[in-house]
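Visitor: Please find the sequence and the predicted model below.
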Amino acid sequence: MRWFQVLTASLLPFTALAAKKTGDKFTDARAKSLEIARPLKLDDGGYNSLTKGQRDFSVAVLLTALETRFGCVLCREFQPEWDLLGKSWLKGDKDGKTKTLFGTLDFVDGKNTFQSLQLQTAPVLLFFPPTIGPNAKIDAQPVRYDFTSGPQSAEQIHSWIARQLPADVPKPKVSRPINWLKIISVTTAVLGGVSVIAIASPYVLPLLQNRNLWAAFSLIAVLLFTSGHMFNHIRKTPYVQGDGKGGIAYFANGFSNQFGLESQIVAAIYGVLAFATISLALKVPRIADAKAQQFAVILWSAVLLCMYSYLLSVFRQKNGGYQFWLPPF
């Protein structure tokens, strides 16, 4: 008799589960969904049972194709978000006050349903409103959500479902689990960055505090942008162009036009002018020999005169009405 008692005791959980069935579609389906803690896995029969006939509850069904052979990458990307939404809804709706069920119908389990709906793509989300009761809608046709803009998050689908429900129905929020891997990765990366900065600071700080280095960077940036580098990128200007006489035109006519090589020539002119000015202001006063200093002044002054003269000639070449000039150009 002892083995009979053990067998009876082992069958008690199954008899208790069987006793939970009430005959009410919503209650039984919700109890099954609570057991698996995610949207119901449906087949053709389960889909028809929840969506056909009279119902006083809402149903959101995701029609998808998860198997790799179907090549639905979007289906596999969205499935975790859908499971998270269903789990969060069940967790926040412990008493079933929202009267809303979530289900998933895979193509393998619901070929007849896919054919009857004439679906050629997946995933597709259908929302079935109640047909009876205080929240029933006159038009009981399902509302369809197409994933035309790519994969969606659980929060986006939650907002869409919330709009389908009456205003007085509670809408449990999406509860995402703590991403410990992300937290650990970010913490490790931050600590690693701080360690690298602390170790490298004695070597990097002198470079960052070097005035000559910043002056060089600033001068390069000024020359780059004042010569029209960004203009070339925005307008996609040609590098050079023929002059119509078998030669090459290096400068475009008009102040609103330029060539790529032209901007490089102008940048070189500005660079020589800047270098000459810096030399006259900083280098020449430090020369101890009076004759060498005088020669340097004359040399850099001549460079300034020639470069400015050539720059004005370029302006005059681009626009014939430009009146100013300097010798020798």
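Guide: In hand now; what should we look at?

Visitor: got the contact list for the helix or strand containing Gly86?
Guide: Assigned by DSSP states H and E, Gly86 belongs to helix 73-92. Helix 73-92 is touched from outside by 33-34, 37-39, 62, 64-66, 98, 100, 102, 104, 122-123, 147, 150-154, 157-158, 170, 172-176, with contacts defined as Cβ atoms under 8 Å, 6 or more residues apart in numbering. The way it works is simple: take the backbone N, C-alpha and C, and place the C-beta from them, glycine included.

Visitor: tell me which residues of stretch 174-188 are tucked away?
Guide: For stretch 174-188, the neighbour count (16 or more other Cβ atoms under 10 Å) marks Val174 as buried.

Visitor: Tell me the span between the first and last residue of that stretch.
Guide: End-to-end distance for stretch 174-188: 28 Å, by Cα to Cα, to the nearest Å.

Visitor: Check the offset of it from the chain's centre.
Guide: 19 Å (Cα atoms, centre = their mean, to the nearest Å).

Visitor: what's the closest non-adjacent residue to Gly254?
Guide: Lys318 (6.4 Å; Cβ to Cβ, 6 or more residues apart in numbering).

Visitor: oh, I was asking about Asn253
Guide: Per Cβ to Cβ, 6+ apart, closest to Asn253 is Lys318, 6.2 Å.

Visitor: Might one say that that neighbour is in contact with Ser256?
Guide: No - the pair Lys318 and Ser256 fails to qualify as a contact (Cβ atoms under 8 Å) at a distance of 9.7 Å.

Visitor: Relative to Ala140, how far out is the residue nearest to Asn253?
Guide: 74 Å (Cβ to Cβ, to the nearest Å).

Visitor: do Arg69 as well
Guide: 35 Å.

Visitor: of those two, who's got more company?
Guide: Ala140 (14 against 7; other Cβ atoms under 10 Å).

Visitor: wait, what's in contact with that one?
Guide: 128-129, 131.

Visitor: Next one: it relative to Thr104, how far apart?
Guide: 22 Å.

Visitor: Next: Leu305.
Guide: Taking Cβ to Cβ, one finds Leu305 at 82 Å from Thr104.

Visitor: Neighbour count: these two, which is higher?
Guide: Thr104 (23 against 15).

Visitor: Specify the local secondary structure of that one.
Guide: Assigned with DSSP: H, G, I helix; E, B strand; the rest coil, Thr104 falls in the strand class.

Visitor: just checking, it touches Val61?
Guide: Yes - under the criterion of Cβ under 8 Å, Thr104 makes contact with Val61 at 7.3 Å.

Visitor: Name the residues contacting each of the two.
Guide: Listed as contacting both Thr104 and Val61 by Cβ under 8 Å, 6+ apart are Leu42.

Visitor: so where is this structure shaky, pLDDT-wise?
Guide: For the chain, the stretches flagged by pLDDT under 70 are 1-23.

Visitor: what domains does the record give for it?
Guide: Per the TED database, the structural domains of the chain span 22-164, 179-209, 210-318.

Visitor: out of those, nearest to Pro328?
Guide: In terms of Cβ to Cβ, the element of these nearest to Pro328 is domain 210-318, at 6.0 Å.

Visitor: Give me the distance between the two termini of that closest one.
Guide: Termini of domain 210-318 sit 40 Å apart (Cα to Cα).

Visitor: And stretch 276-286, by the same measure?
Guide: End-to-end distance of stretch 276-286 (Cα to Cα): 15 Å.

Visitor: mind listing what's buried in it?
Guide: For stretch 276-286, using 16+ other Cβ under 10 Å, the buried residues are 276, 279-280, 284.

Visitor: Okay, and which of those map to helices?
Guide: Ala276 (DSSP state H).

Visitor: Which members of the buried residues of stretch 276-286 define the maximum pairwise distance?
Guide: Using Cβ to Cβ, the buried residues of stretch 276-286 reach their maximum pairwise distance at Ala276 and Val284, which is 10.2 Å.

Visitor: Can you work out which residues contact both of the two?
Guide: Trp300.

Visitor: so how far is Leu311 from Gln141?
Guide: In terms of Cβ to Cβ, Gln141 sits 75 Å off from Leu311.

Visitor: quick one: which of these two has more around it?
Guide: Leu311 (18 against 9).

Visitor: and the more buried one, what element?
Guide: helix 290-318.

Visitor: buried sites along that helix?
Guide: Using 16+ other Cβ under 10 Å as the test for burial, helix 290-318 gives 296, 300, 303-304, 306-307, 311-314, 318.

Visitor: Most widely separated two among those residues?
Guide: Maximum distance among the buried residues of helix 290-318 (Cβ to Cβ): 33.1 Å, for Ala296 and Lys318.

Visitor: how about the domains of the chain in CSV, adding distance to Phe324?
Guide: Below are the domains of the chain laid out as CSV (distance: least, Cβ to Cβ, whole Å):
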stretch, distance to Phe324
domain 22-164, 59
domain 179-209, 42
domain 210-318, 6
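
Visitor: Buried deepest among those, which one?
Guide: domain 22-164 (a mean of 17; mean count of other Cβ atoms under 10 Å).

Visitor: about what we covered before: got JSON lines for the buried residues of stretch 276-286, with distance to Lys25 too?
Guide: JSON lines is the format used below for the buried residues of stretch 276-286 (distance: Cβ to Cβ, whole Å):
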{"residue": "Ala276", "distance to Lys25": "90"}
{"residue": "Ser279", "distance to Lys25": "91"}
{"residue": "Leu280", "distance to Lys25": "93"}
{"residue": "Val284", "distance to Lys25": "96"}
